[in-house]
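Asker: Here is my input, please return the structure:
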Amino acid sequence: MTHALAPSRRTTLTRLGQTLLAGATLVAGLSLTAPVHAYDLRFGHGGTEDTAYHLGATRFKELLEEQDVDLGVQIMGNSVLGHETEMFEQLMAGALDMSIVNPGLITDFSDTANVFSIPFLYRDQEHWQTVLDGDVGREIADQITAETGVKVLAFFGGGKRQIVSSRPLESLDDLDGMKLRTNPTKPLITAWSALGTDPTVMAWKEIYTGLQLGAIDGLLNEAEWIHRMRFHEVAPHIGLSEHDITVRLLTMSELTWDRLDDAQQEAVMAAASQAASYARGVQLEQDAEALELLVEEGATLHELDREQMQQIVREPLAEVIDEMGLSELHQMIVNAE
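Answerer: Purely as a prediction, here's the structure:
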């Protein structure tokens, strides 16, 4: 016995057929014009198109595809492949070729990645650049690679982290008793406890409401994300602690890396290095622009005594760094010139 399709269902199937036909036609058209590569690297990340993540990934794609190594890049941004931690697990399994990852999210897989959670790690922006581009950065990259099976090609980053507060920050005394949202890592909790705050764990999506309701008094964040998330609407005071400059890992699955020949590996490393330098420049510029926007929109900037902050946290931090087995690596960073 046969049944006639209802009109609405016939219409839906007709439209679906038209969509599939249009898609097939588009793909066929693209295949005639787009370059064909022996292998396309699947590059997932969590940024939108206006972020340094995506702009840096695009630059990597351009640089690599300029080389005569028969490699292409397929970029999938905006977390379409999942959260950064999920993408990192895909890299470990060889289900994804490349990604950009916050090292703070992979400390369950790599003890070495904890080094980037140490506050006041860099003397200034120049020191930060020196660490990432020099022998120390390569040592950190190699250690993370050995621990995870995910190759660290280079370093993105560049957001300067500040204190966002619902109350004025005229001096360090104003930190006393502040319920400060932090990531739950030992170095951060130790440092901010020593500075008098009450470190508090809160989900990212709950921060705005938490500030509104007084569940927290502040948080630690970069200007770009303070502005994107509109935190300054409920916490208009920004303490310029610059206690960290963000680092993000440009990564490749070792299973993918091992499939590449020598020329392809060389081309990937060269493109990664140039793209990372470009992405860091973009991030630093966006960070400065966002800070200006925050002021234009009513935020108040408060200068803080970074030297005094560093003196206060130095001893308690040293104990934690030693406990975590990071003393040698930390000293290498401190001594980098």
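
Asker: Ala38: how many residues sit nearby?
Answerer: Using other C-beta atoms under 10 Å, Ala38 has 9 neighbouring residues. For every residue, glycine as well, the C-beta is placed using N, CA and C.

Asker: Who are the contact partners of the nearest residue to it once chain neighbours are set aside?
Answerer: Of all residues not flanking Ala38 in the chain, Asp70 sits nearest, at 4.2 Å (C-beta to C-beta, 6 or more residues apart in numbering). Neighbouring residues of Asp70 by C-beta atoms under 8 Å, 6 or more residues apart in numbering: 37-39, 264.

Asker: Quick check: ChimeraX command selecting the buried ones in those residues.
Answerer: Buried members of those, defined by 16 or more other C-beta atoms under 10 Å, are picked up in ChimeraX with:
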select :264
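
Asker: Just the contacts of Asp70: which are in strands?
Answerer: Tyr39 (DSSP state E).

Asker: the helices in the stretch 1-150 of the chain, which residues?
Answerer: Secondary structure of the stretch 1-150 of the chain by DSSP state H, counting those that start in this stretch: the helices cover 7-33, 52-65, 84-93, 125-133, 135-148.

Asker: Comparing these by mean pLDDT, which bottoms out?
Answerer: Note on the helices of the stretch 1-150 of the chain: helix 7-33 shows the lowest mean pLDDT, a mean of 38.

Asker: Show the subsequent helix or strand relative to the helix or strand where Gln311 lies.
Answerer: Secondary structure from DSSP states H and E places Gln311 in helix 306-323. Note on helix 306-323: by DSSP H and E, the next helix or strand toward the C-terminus is helix 327-335.

Asker: list the buried ones in that next one?
Answerer: Buried, per 16+ other C-beta under 10 Å, within helix 327-335: 329-330, 332-333.

Asker: quick one, what contacts Val268?
Answerer: By C-beta under 8 Å, 6+ apart, the neighbours of Val268 are 64, 71, 153, 252, 257, 260.

Asker: should've said Leu326
Answerer: If you count contacts by C-beta under 8 Å, 6+ apart, Leu326 has them with 111-112, 114-115, 118.

Asker: give me that answer again for 10 Å
Answerer: Contacts for Leu326 (C-beta atoms under 10 Å, 6 or more residues apart in numbering) come out as 111-112, 114-115, 117-118, 187, 320, 333.

Asker: so Ala267 makes contact with Val69?
Answerer: Yes: the pair Ala267 / Val69 is scored as a contact, 4.5 Å apart, by C-beta atoms under 10 Å.

Asker: shared neighbours of those two, anything?
Answerer: What both Ala267 and Val69 touch, as defined by C-beta under 10 Å, 6+ apart, is the set 260-261.

Asker: how about low-confidence regions in this structure?
Answerer: Along the chain, segments meeting pLDDT under 70 span 1-36.

Asker: could you point out the longest helix in it?
Answerer: The longest helix of the chain (DSSP state H) is helix 262-296.

Asker: Next secondary structure element downstream of it?
Answerer: Beyond helix 262-296 on the C-terminal side, the first helix or strand identified by DSSP H and E is strand 300-303.
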